[in-house]
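> sharing a model that was predicted from the sequence below.
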Amino acid sequence: MTQPTISAHVAKLEKRFGVELFFRRGRRVELTDFGRSLLETTHRLYDAEAEAMSLLAQGGSAYRGTLRICAVGPYNVMPMVREFRRMHPGVHVSMQMGDSREIVEQVLDYRGDVGVLVHAVEDPRIHCMPYRKQPLVIFCHRDHPLAARQTLSIVDLNAQAFVLREKGSTTRRVLEQVLGRNSVSVRCDVEIGSREAVYEAVAQGLGLGIVSATAYRPDERTVCLPIHCDELYTHVHVVCLKERRQSLLVSHFMQMAELLHQP
């Protein structure tokens, strides 16, 4: 549909029911509170339609449809996708990567069916299931002064330069909390909004980095530091809307993730 056609439909809807769905500010439009409420209802309508189509397409145990997954990174979600595809080969999987805030928004806005992120979500609308505890590793360039040490403690990181993700990153938050509890202060000389970019920056000798153990990839340019700290970990969670827990594909994915769950 063209933009003028959509505008005409919206105007007709507003006139028929005597409501205002959008604030119009020049060329920009924003949903009113009433418009947002209606949007939530229509999302549920489309979800019910998709669930009905999945049920109708079901043949024996061969389910059909598309499952939309949002994840903070590929390392935890890919084993889930592999197992889910093994169990339901007829289901198409669509995946998007983003930060934790984006994932929660996508699930709440019905743009994502399930989400995989590295912290618990405290929202009454969200069903949040623990999946696995994930240790973090600190790594550096092979020529870094700390690289030759046989043992290190958190205190040895004092005054060191780090390459960190942006503020709001769960990994960064965990590191800063552990450092704070141990009265250790470090420098953030480089801040980057990408895990891959952080890794490359450390490999170029720009500072220390921290990633999950599952995300660390051995490289001749870098080494993991021998720091043993039980506090350095994140906890992977799988989330979906509470009202959609019984939706066909969502419920099967959550059940599969529960089977793979690692305490």
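Right, received. Where do you want to start?

> can I get the biggest strand by length in the chain in CSV, CA atoms only?
In the chain, with assignment by DSSP state E, the single longest strand is strand 126-141. This file holds the C-alpha atoms of strand 126-141, laid out as CSV (Å, rounded to 0.1, in the frame of the first residue of the first chain):
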residue,chain,number,x,y,z
ILE,A,126,7.8,-11.0,30.6
HIS,A,127,8.3,-14.7,31.4
CYS,A,128,12.1,-15.0,32.2
MET,A,129,13.7,-18.5,32.4
PRO,A,130,17.3,-19.0,33.6
TYR,A,131,19.4,-20.9,31.1
ARG,A,132,23.0,-21.2,32.1
LYS,A,133,25.7,-19.5,34.2
GLN,A,134,28.4,-18.1,31.9
PRO,A,135,31.9,-17.3,33.2
LEU,A,136,33.8,-14.2,31.9
VAL,A,137,37.4,-14.1,30.8
ILE,A,138,39.8,-11.2,30.7
PHE,A,139,42.3,-11.2,27.9
CYS,A,140,45.1,-9.1,26.5
HIS,A,141,47.6,-8.7,23.7
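
> show me which positions of it end up buried.
Buried residues in strand 126-141, counted by 16 or more other Cβ atoms under 10 Å: 126-129, 131-132, 134, 136-141. Placement of C-beta: from N, CA and C, glycine included.

> which is the succeeding secondary structure element to the least confident helix or strand in the chain by mean pLDDT?
Least confident helix or strand of the chain, by mean pLDDT, DSSP states H and E, is helix 33-57 with a mean of 80. Next in sequence after helix 33-57, counting helices and strands by DSSP states H and E, comes strand 65-71.

> run a quick check on residue 175 versus residue 136, I expect a contact.
Yes: if you go by Cβ atoms under 8 Å, residue 175 and residue 136 touch, sitting 7.3 Å apart.

> show me what the least confident helix or strand of the chain is packed against.
strand 65-71, helix 248-260 (3 or more Cβ pairs under 8 Å, 6 or more residues apart in numbering; DSSP states H and E).

> now tell me what touches it from outside.
Applying Cβ atoms under 8 Å, 6 or more residues apart in numbering, the contact partners of helix 33-57 are 19-22, 31, 63-65, 109-110, 243-244, 247-249.

> now the two most distant members of those.
The span of these, defined through Cβ to Cβ, is set by 20 and 63 at 41.1 Å.

> could you check which of these two has the larger neighbour count?
residue 63 (19 against 12; other Cβ atoms under 10 Å).

> for this protein, which segments count as strands?
Using DSSP E, strands in the chain cover 22-25, 28-31, 65-71, 91-97, 114-117, 126-141, 161-164, 187-191, 209-212, 222-224, 233-241.

> residues making contact with the first one?
In this case it means strand 22-25. Residues outside strand 22-25 that contact it (Cβ under 8 Å, 6+ apart) are 10, 29, 30, 31, 32, 35.

> give the pairing partners of that strand; include direction for each.
Strand 22-25 has its sheet partners listed here by DSSP bridges as strand 28-31 (antiparallel).

> give me the contact list for the partner strand.
Applying Cβ under 8 Å, 6+ apart, the contact partners of strand 28-31 are 21, 22, 23, 39.

> report the buried residues of that strand.
Buried-residue list, strand 28-31, by 16+ other Cβ under 10 Å: empty.

> mean confidence for it?
Strand 28-31 carries an average pLDDT of 86.

> okay, and the common contacts of residue 175 and residue 136?
Listed as contacting both residue 175 and residue 136 by Cβ under 8 Å, 6+ apart are 210, 232.

> buried deepest among the strands of the chain, which one?
strand 114-117 (a mean of 27; mean count of other Cβ atoms under 10 Å).

> who are the packing partners of that one?
Strand 114-117 is packed against strand 65-71, helix 74-87, helix 100-108, strand 233-241, helix 248-260, with contacts defined by 3+ Cβ pairs under 8 Å, 6+ apart.

> could you dump the ones you listed into a markdown table with distance to residue 15 and mean pLDDT added?
As requested, the helices and strands packed on strand 114-117 are arranged in a markdown table below (distance: least, Cβ to Cβ, whole Å; pLDDT from 0 to 100):
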| stretch | distance to residue 15 | mean pLDDT |
| --- | --- | --- |
| strand 65-71 | 34 | 91 |
| helix 74-87 | 46 | 92 |
| helix 100-108 | 30 | 91 |
| strand 233-241 | 33 | 94 |
| helix 248-260 | 37 | 90 |
